[in-house]
Each structure stands twice: as structure tokens, then as C-alpha cells.
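1. Need a 3D model of the sequence below.
(chains A and B)
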Amino acid sequence: MPLRIAGRLFLLAFAIIILLPLIFLIVTTIKDQQQFYASPLGIPSSFTGQNYSHLFDSQPMLSYFSNSITVSFSTVVLELIVSSMIAYGIYRIANRLGLILYGIFLIGLMVPAQVNMIPIYSFMRDLGLMNSRFGLILVTVSMLLPVAVFMLTGFMRALPKEMFEAGSMDGAGEWRLYSQIALPLSAPSLAATAIFLLVSVWNDLLFPMLLLTDKAKMTLPLALLQFQGEYSTNYPGLLTGVVLISLPMLILFLLLQRYFISGMAAGSLKG
Amino acid sequence: MAVRKTIYFFFVPGLLLYAIFFLYPTLSGFYNSFTDWDGMSDTSGFVGLDNYKTVADSIIFKKAIGNNLRFMLSVVVVQTLVSLIVALLLTKNKKTTVALRALYFFPTILSSAAVGFIAAYVYDPNLGLLNELLRMLGLSALANNWLGNPSLAIYSIAAIQAWAHIGQMAILFIAGLHAIPEELYEAAKLDGGGKWAIFRRITWPLLAPAATIVVAYTTIQSFKAFDLIFVTTRGGPNYATEILSTYIYSAAFQNYKFGQASAASIYFLFIIAFITFLQFRALRANRVSY
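-> Okay, the predicted model is just below:
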């Protein structure tokens, strides 16, 4: 019995540790600066939306949002097409060559993005793809390819072979087997993979930081880094940026929790 | 069934992208590590292993490795222990447990840049949440300059890293716990085993594969940390939070020593590859298929 109470207390304490910074983060964004400096933890006498309106007035927030949405959406769609084709190929070949091809992609799992930051930077500069959202998308798709192939290959291996044999007997080519059998059957795993990729791309700081210097092209995490210089110790202003870049993921998380949790768990297996 | 030739076309787009934007840059980085390139000029000289020696002799590089290990060890210990306890307490699929799992998991979806800004706010010595709370509770003596104190900074960041990822690791442990057959527990209860005995004889050994995954993942994730440190301290104060990834970044983009930064990257690559190799071996030893 005491063990059960200790357990409950532990869960409660941990819930507080998770929630406390988040609650104060939000409360800070609806205080004006004077109130914050006078009493950082105090409950403000009146709530204000001025930090939010100020951010939209002084920064091209809509363009940051549209850049983030464009880059994330294009990357995820392109990645799902390319990696599901590879995963399907590996599943269908199922011989030594298939394993070798799989191995070539798995090697990429060992290479951290920070190892590639210098060569990618100089390579993209040589290609003239600096400051190009298209260049960023190509790089991000390639960087995430190993983990996407790894996740989808794992899922596709669980598909029943018989369906493809039957389809093949009926005269369906590989393209039809892929698009009309493999993809529909993998829908839940594609959704989990998509969520994992979306969270990774939406939150990525390193490659946007290396490749985008033009304010008009920046994504949200990179814009946030800019605010750090401009707002220095204006915490209400900075944290408002944090809330704004996290809001879309929070809404999606509330709607699609199951896919978030399974996707982020499967993605974490790759290390 | 015979493999049809058309299947090989399925690999073409992926292999092209992967070769151009991943394999080629990695290999060119490897080549750069043997040159004295400054990242700007068109020419560079071949210097053999000089960069590797210079980097290995650098005091800051050694400091960075030490910090990497300190950071990794503290994150691994805290994250594994807490997520294991959380998972053990949240195995049943009741409404409250499912809601708590989602709450604990939530910080995982925040960008590490956002988490970095939250950390900067929480740890601010004058206006920060942590010190203010301590003062309110009458514990002003414990207030500290969490990110500015060289002997504390790396652990302060490790705590936030764990804060953000404990929920994610707990999910992996919960999956491992659900994979343990219920009959084993029933049999053990019939044999009159106590709670502790059941945990030691059944839960713990059968949880080994999940624990291996959690430890391996946390190790690699914490070794690769970049955004969080870049946003909070940029490696300071006085290199107290400099880790390999921030070292590589400043060697290349602040000091324009692309050759040396590339050599440091290759060291980094080998360390990560070695850890990944150990991970695969441990997983194989545990005979688990995820």
C-alpha cells in the first residue's frame, strides 16, 4: 500500500515537473514586459495579446509560417514517395542484392547530421543552392532517407506475401502492386512515419541555419534564433515565438496522438 | 517467385538523392579532413594526418569529449531510471494512465530549439522560473546561475534534455512491458512470489531488450545533442558546455578551419558508429526483433 501511494506521488511530481515550465511559459507570453520584470511569477492583473500582435507586426511571421509549411510538407511528401518505393523494392527483391541495397541505406543511420554539416554547406554553395528552399528540401529528404527506409521496410515486411502473389498472377505489374496493394495496406505505418518526419523537419534548426540566410526564406526555428539576437532578454517576446512555432504541432498532437506516439517510438529505435 | 526487372526502377530516385546529397558530401568531408582548406578559397593543400593530430592535441577538443561524456552519462542515468519507473507505474490501459502518458510524451514534439529557449528562461539567474520558485519557497540559498556556472551548466542542460525525452523513452519501456506474456505473472502468483521477486525474476530479465534500446538510443541522442546547447550556451561559459558538435560548428563557421573541423567530424563519426555497432550487438544478443 505505501508503495502505491509513493507511485502516485511520483507520477504527480513528474506531471508537475512537465507542466510547470509550460504553464509559466504561456502565462509569461500574455503578460506585458513591465509586469514580467516587476513580478516574474506573479499572476498579471490583466492579460494582454500585445506580445503576439507585436511579433506579427515587427516580424514577417506569416512568411516564416509559410516557409515552414512549404518545406515541411514538400519534404514529407517527397520522402514518403521515395522511401516507400525503396522499402517496397527491398520487400519484393528479398534476396542478397535486396539486403545489400538495404545495407547501403542503413549505413546512413550511423552518420549524424553534424558530421555532414560542413560538406553539405560547401557542396550546396558550389551548386548555387544556398538560400534556396528547394535545396533545403533536397538535403533534408536525403538526410532523413535512411530512417524513413528503415521504418517503412520494417513495416512492409509484415505485409502478407500472398496478396502480392495473387495480384501478380492476375497480371498486375510492380507499379500496380505497389500503388494498389502495398501503399493502402501500409496506410497506418505511412501515417506514423509521416508524423515522425513532420516533427523532425518542422523542428530542424541545423540545416536551415546552414543553408538559409535570407530572412524572407527562413523557417520558424531559424527565425526564433534571430529573435534571440534582437530581443536579447525580452522573455515575453521570445517565449511568444516559442509558443507560436510549437502551436501547429500541439494541435496536430491533440488530434493524432496515437500516430505521434507510435511514429516517434518507431523512429527512436533507429538511434 | 522470380524478381522482375522493373522492380529495380523503384530504387532509382532514392539512390540518386542519397548518393548526391548524402554519400558524396560525407565522402568529400572525409577528403577535406586531410587538407588545410579554409572553406572559402578554391585551393587547398593535402596535409595528411596533420588535422587529426592538431585536433586530438587541442585542449578544447579534449574538454569537449569530456563534456560529451558527462552530458551523456547524466542523461542516460536520469532518463533511463525515470522512464523505467514511469513505465512500471503506467502499464495498465486506464483512462488516467493513457492521459498521463500523453502528457509526459508531449515535450518530445517540441523542437530542441524551443526547448532551449524554455531552458534559458527557466534557468535565468534573475528572472528565471527555477530561482524565483526557490526564493518563493524560502530556499534562496539554492538559487544559482544554472547556465552561467561552469561546474553546473552541462548538468543543467542535461536535466532539460531528460525532461524533454523521458516520456518518449517511457513509451518504449511500456511497449516492452506489454510484450511480456501475462501467463508468466499468473504462474508466478500461483507459486506465491512476492512483488519484488516477480519483478526481479520476470519483469527485469524480460525487459532487457527494451532497456537496451532505451540506453542505446539515449546514448546516441545525447551524444549528438547540438541545438539545445547551441541555443542555451553556445558551448560557454569558458567551454564548460562545449561538446563535439558545437566544437565542429565553431571550428568551421567561426574559425574557418574547415580541414580541422572535418577531422573532428570524422572522430565524431567513428565514436557514433562505434556506439551504434555496440547497440546492434547488444540487441542481437538479446534476440529481439522490433
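
2. switch to C-alpha atoms for all contacts and neighbour counts from now on
-> Fine.

3. near chain B, anything from stretch A:23-35?
-> Yes: remark: stretch A:23-35 sits within contact range of chain B at A:24-25, by C-alpha under 8 Å from any C-alpha of the partner chain.

4. so residue A:151 touches residue A:194, yeah?
-> No: using C-alpha atoms under 8 Å as the test, residue A:151 is too far from residue A:194 to be in contact (10.5 Å).

5. Look at those two and report which has more neighbours.
-> With neighbours defined as other C-alpha atoms under 10 Å in any protein chain shown, residue A:151 and residue A:194 compare such that residue A:151 has more, 25 against 22.

6. mind listing what residue B:203 touches?
-> Contact analysis of residue B:203 by C-alpha atoms under 8 Å, 6 or more residues apart in numbering or on different chains lists B:177, B:180.

7. quick one: low-confidence ranges for the chain?
-> Looking at chain A here, since you left the chain open. The model of chain A has pLDDT under 70 over residues A:1, A:269-271.

8. Let me rephrase: I mean chain B.
-> Ranges of chain B meeting pLDDT under 70: B:1-3, B:286-290.

9. so where's the longest helix in chain B?
-> helix B:59-89 (DSSP state H).

10. from the chain's centre, how far out does the next helix or strand after that helix sit?
-> Later in the chain than helix B:59-89, the nearest helix or strand by DSSP states H and E is helix B:95-105. In terms of C-alpha atoms, centre = their mean, to the nearest Å, the centre of helix B:95-105 is set 23 Å apart from its chain centre.

11. Next, the angle from helix B:95-105 to helix B:59-89.
-> 170 degrees (axes from the mean of the first three to the mean of the last three C-alpha atoms, to 10 degrees).

12. ok, helix B:95-105 near chain A or not?
-> Yes: using C-alpha under 8 Å from any C-alpha, helix B:95-105 reaches chain A at B:100, B:102-105.

13. Could I have the buried ones of these as PyMOL selection syntax?
-> In PyMOL, a selection of the buried entries from the residues of helix B:95-105 next to chain A looks like this (16 or more other C-alpha atoms under 10 Å in any protein chain shown):
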select buried, chain B and resi 100+102+104+105
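
14. I'd like to know which residues of the stretch 101-250 of chain A are adjacent to chain B.
-> Within the stretch 101-250 of chain A, the positions near chain B by C-alpha under 8 Å from any C-alpha are A:108, A:110-112, A:114-116, A:118-120, A:122-123, A:138-139, A:141-143, A:145, A:154, A:165, A:174, A:199, A:202-206, A:221, A:225, A:235, A:238-239, A:242, A:245-246, A:249-250.

15. Out of the residues you listed, list just those in helices.
-> Under the assignment DSSP H, those contribute A:114-116, A:118-120, A:122-123, A:138-139, A:141-143, A:145, A:154, A:165, A:174, A:199, A:202-203, A:206, A:221, A:225, A:235, A:238-239, A:242, A:245-246, A:249-250 to helices.

16. quick one: the helices in the chain?
-> All of this refers to chain A. Under DSSP H, chain A gives helices at A:2-29, A:33-38, A:50-58, A:61-93, A:96-107, A:113-127, A:133-156, A:161-169, A:174-176, A:183-185, A:187-203, A:206-211, A:220-231, A:235-268.

17. looking at chain B here, not the other one
-> Going by DSSP H, chain B shows helices at B:12-18, B:24-32, B:50-57, B:59-89, B:95-105, B:112-123, B:129-136, B:153-178, B:182-190, B:195-198, B:204-223, B:227-232, B:244-253, B:258-285.

18. Dump the ones you listed to TSV, plus distance to residue A:256.
-> As requested, the helices of chain B are exported to TSV (distance: least, C-alpha to C-alpha, whole Å):
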stretch	distance to residue A:256
helix B:12-18	28
helix B:24-32	36
helix B:50-57	46
helix B:59-89	22
helix B:95-105	11
helix B:112-123	21
helix B:129-136	31
helix B:153-178	16
helix B:182-190	29
helix B:195-198	36
helix B:204-223	24
helix B:227-232	26
helix B:244-253	33
helix B:258-285	30
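
19. Which one of these lies nearest to residue A:46?
-> Among those, helix B:129-136 comes nearest to residue A:46, with 20.2 Å by C-alpha to C-alpha.

20. Need the buried ones from the ones in helices among the residues of the stretch 101-250 of chain A next to chain B selected in ChimeraX.
-> To isolate the buried members of those in ChimeraX, using 16+ other C-alpha under 10 Å:
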select /A:114,115,116,118,119,120,122,123,138,139,141,142,143,145,154,174,199,202,203,206,221,225,235,238,239,242,245,246,249,250
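
21. wait, what's in contact with the residue lying closest to residue A:109 once chain neighbours are set aside?
-> Among residues not flanking residue A:109 along the chain, residue A:146 sits closest, at 5.7 Å (C-alpha to C-alpha, 6 or more residues apart in numbering or on different chains). When the contact criterion is C-alpha under 8 Å, 6+ apart, the partners of residue A:146 are A:105-109.

22. again with residue A:239
-> Applying C-alpha under 8 Å, 6+ apart, one finds that residue A:239 lies in contact with A:25-26, A:28-29, B:117-118.

23. Now with 10 Å, please.
-> For residue A:239, the contact set (C-alpha atoms under 10 Å, 6 or more residues apart in numbering or on different chains) comprises A:25-30, A:51, A:224, A:245, B:114, B:117-118, B:121.

24. can you list those in CSV and add distance to residue B:19?
-> Below are the contacts of residue A:239 laid out as CSV (distance: C-alpha to C-alpha, whole Å):
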residue, distance to residue B:19
A:25, 43
A:26, 44
A:27, 48
A:28, 47
A:29, 45
A:30, 48
A:51, 45
A:224, 32
A:245, 32
B:114, 32
B:117, 36
B:118, 38
B:121, 42
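
25. dump the residue contacts of residue B:229.
-> Per C-alpha under 10 Å, 6+ apart, neighbours of residue B:229: B:112-113, B:116, B:119, B:153-154, B:157-158, B:161, B:235-236, B:241-243, B:245-246.

26. how much space between it and chain A?
-> Note on residue B:229: its distance to chain A, by C-alpha to the nearest C-alpha, to the nearest Å, is 12 Å.

27. again with residue B:17
-> To chain A, residue B:17 is 6 Å away according to C-alpha to the nearest C-alpha.

28. ok, residue B:58 - how many residues close by?
-> Neighbours of residue B:58 (other C-alpha under 10 Å): 12.

29. no, scratch that, I was asking about residue B:129
-> By other C-alpha under 10 Å, the residues close to residue B:129 number 23.

30. Surely it and residue B:144 touch.
-> No: look at residue B:129 against residue B:144 with C-alpha atoms under 10 Å: they stay out of range, at 11.7 Å.

31. and for the two, which residues touch both?
-> Jointly contacting residue B:129 and residue B:144 under the rule C-alpha under 10 Å, 6+ apart are residue B:123.

32. picking that back up, which of the contacts of residue B:229 are close to chain A?
-> Among the contacts of residue B:229, the ones lying near chain A by C-alpha under 10 Å from any C-alpha of the partner chain are B:112-113, B:116, B:119, B:245-246.

33. so which of those residues is the most crowded?
-> Busiest of the ones next to chain A among the contacts of residue B:229 [other C-alpha under 10 Å] is residue B:245, holding 29 neighbours.

34. Now do the contacts for that residue.
-> Here residue B:245 is in contact with A:112-115, A:117, B:64-65, B:68, B:223-227, B:229-230, B:235, B:251, B:261, B:264-265, B:268 (C-alpha under 10 Å, 6+ apart).

35. Now with 6 Å, please.
-> The contact partners of residue B:245, by C-alpha atoms under 6 Å, 6 or more residues apart in numbering or on different chains, come to residue B:226.
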